[in-house]
Structure formats: structure tokens, C-alpha cells
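Engineer: just need the structure, nothing else, for what follows:
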Amino acid sequence: HLPPGLRTLRLVDCSLAVDAMAAIAEACPHVEHFGVRSERSNFDVTSADLVCAIFFMPNLKRLDVDDYLVTEATLDAIGKHCSKMTHVDVPSGVRVSPACVVRVARGCPHLRRLGLPGDAASPEAIEAFVAN
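Structural biologist: Just a heads-up that it's a prediction; the model follows:
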């Protein structure tokens, strides 16, 4: 059992069954800082797993995950379900549309840090972030 009041949760080099990440997130709805990292090449967590987990973490403020887990779908889930998010960093190798960045900025009014690769930093995206 995980304590339901848990605020920080980091999964490192874990082998998880299908849907396990969402079950963990559902059991810990108060998580504010969630991390998923791996040094192994056969790590079995996918960005789809992360999207499912984000749905159950409405109090999330920070997400610290391996670059490959950050996708447009991940960012859309953050914009829809994590209005308390304060920090979002998009790795430089990840391609996201400026429209996706706008959705994140508008869905996360408490956002104070938004790290973007150059091609996602459109005037509309910057304006949406500054408007917060």
C-alpha cells in the first residue's frame, strides 16, 4: 500500500505491469511531484502509461520524466488535468506544436516555468504563458 497523502513519488528503473502506473497514480491523488527515470534500455513505461497516470494526478505541480515520455499527448494531458502545474520543460529533441504549448499554458494558470525548444516558442505560445 502507498500512503494516500504521498506528495512526491519517483519511479526509477521499475518493471511495471500494464496499467500499473495509472493504478499507482490513482492510489496517490495528492502527488505534487512525479518522477519517472530509467538507466535501462528495456524500461517498459510508455508515454501512453504516463498520460493515463496524469489523469489521476490533479494536484501535480512538477513532472520529472525521461525525455522520451514527453510527447504532445503528455503535454495535452497536463493542460487538461493538471491546473496546478508550476513547471513544464519540453526537451530540445521533442517536437510539439505551438498550439499544444498554448493549450498547456492556458490549462495551467499557475505555470511559472515553461522550457521550450525554439520551434515551439511561437508568439502565441509566449503570449499564452505571459498571460498567466
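
Engineer: the helices in this structure, which residues?
Structural biologist: 20-27, 47-55, 72-81, 98-107, 123-131 (DSSP state H).

Engineer: which one, of those, ends up nearest to residue 113?
Structural biologist: The minimum distance between residue 113 and these falls on helix 123-131, with 9.6 Å, by Cβ to Cβ. Backbone N, C-alpha and C define where each C-beta goes, glycine included.

Engineer: quick one: contacts of the closest one?
Structural biologist: Residues from elsewhere that reach helix 123-131, judged by Cβ atoms under 8 Å, 6 or more residues apart in numbering: 98, 99, 101, 102, 105, 106, 111, 114, 116.

Engineer: the worst-scoring helix or strand of the chain on mean pLDDT vs helix 98-107, what angle?
Structural biologist: Counting by mean pLDDT, DSSP states H and E, the chain has its least confident helix or strand at helix 123-131, which shows a mean of 84. Per axes from the mean of the first three to the mean of the last three Cα atoms, to 10 degrees, the angle that helix 123-131 makes with helix 98-107 is 10 degrees.

Engineer: sounds good, over and out.
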